[in-house]
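Peer 1: The sequence and its predicted three-dimensional model are supplied below.
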Amino acid sequence: MGAMAVIESLMEAATIRRPKKLKQFQTVELRVRMDCEGCERKVRKSLENMKGLRSLEVDRKQLKVTVTGYVEANKVLKRVRRRTGKKAEMWPYKPYNLVYYPYAAQVYDKKAPAGYVRNVDPTFPNPERTDERYTSVFSDDNPNACSIM
């Protein structure tokens, strides 16, 4: 038996255990279609026992679920979709005051909650578009602006 113990200890020493990759503390916001209290309860129960979860907020009026903790965004999204069967997506909106052009064609969304607009990549306006040319002509930031003003 002494030889077997020595062999086992050598085998254990040969296997290298890699440390687990630590998850970062983050906030994940999802948009989930919820019509009633039952839907809200179903979403809440699907996420309550998730490993690494610190807080969970479900806002049925805005169709918003906020998860904070040591979780990964794609795992939270998959879990909601799989366990509830509901259509879920990452929160597609930004607060109105953080968007450069809140009423641009791709940004403005009538379905967005109050105070929010669609989250799109921040791009500067196309100089060839006429509506942008006319608004920038009378801008205080433009050094070549109209001298009448």
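Peer 2: In hand now; what should we look at? Residues are numbered from 1 along each chain as shown.

Peer 1: can you give me the strands for this protein?
Peer 2: When assigned using DSSP state E, the strands of the chain occupy the ranges 26-32, 53-59, 64-69, 88-90, 93-95, 116-118.

Peer 1: Sheet-wise, list the partners of the first one with their directions.
Peer 2: The one in question is strand 26-32. Strands flanking strand 26-32 in the sheet, each with its direction: strand 64-69 (antiparallel), strand 88-90 (antiparallel) (DSSP bridges).

Peer 1: Please list the residues outside that strand that contact it.
Peer 2: By CB atoms under 8 Å, 6 or more residues apart in numbering, the residues outside strand 26-32 that reach it are 43, 63-71, 73, 76-77, 80, 84, 86-93. In this view, the C-beta of every residue, glycine as well, is placed from N, C-alpha and C.

Peer 1: buried subset of those residues?
Peer 2: When burial is judged by neighbour count using 16 or more other CB atoms under 10 Å, the buried members of the contacts of strand 26-32 are 43, 63-65, 67-69, 71, 76-77, 80, 84, 88, 91-93.

Peer 1: Could you find the lowest-pLDDT member of those residues?
Peer 2: Of all the buried ones among the contacts of strand 26-32, Tyr93 has the smallest pLDDT value, namely 80.

Peer 1: Would you mind measuring from that residue to Val58?
Peer 2: The span separating Tyr93 from Val58 equals 17 Å under the rule CB to CB, to the nearest Å.

Peer 1: if I pick the closest residue to Arg54 other than its chain neighbours, what's in contact with it?
Peer 2: For Arg54, the nearest residue in space outside its immediate sequence neighbours is Gly69; the separation is 3.7 Å by CB to CB, 6 or more residues apart in numbering. Counting by CB under 8 Å, 6+ apart, Gly69 touches Phe25, Gln26, Met50, Gly52, Leu53, Arg54, Ser55.
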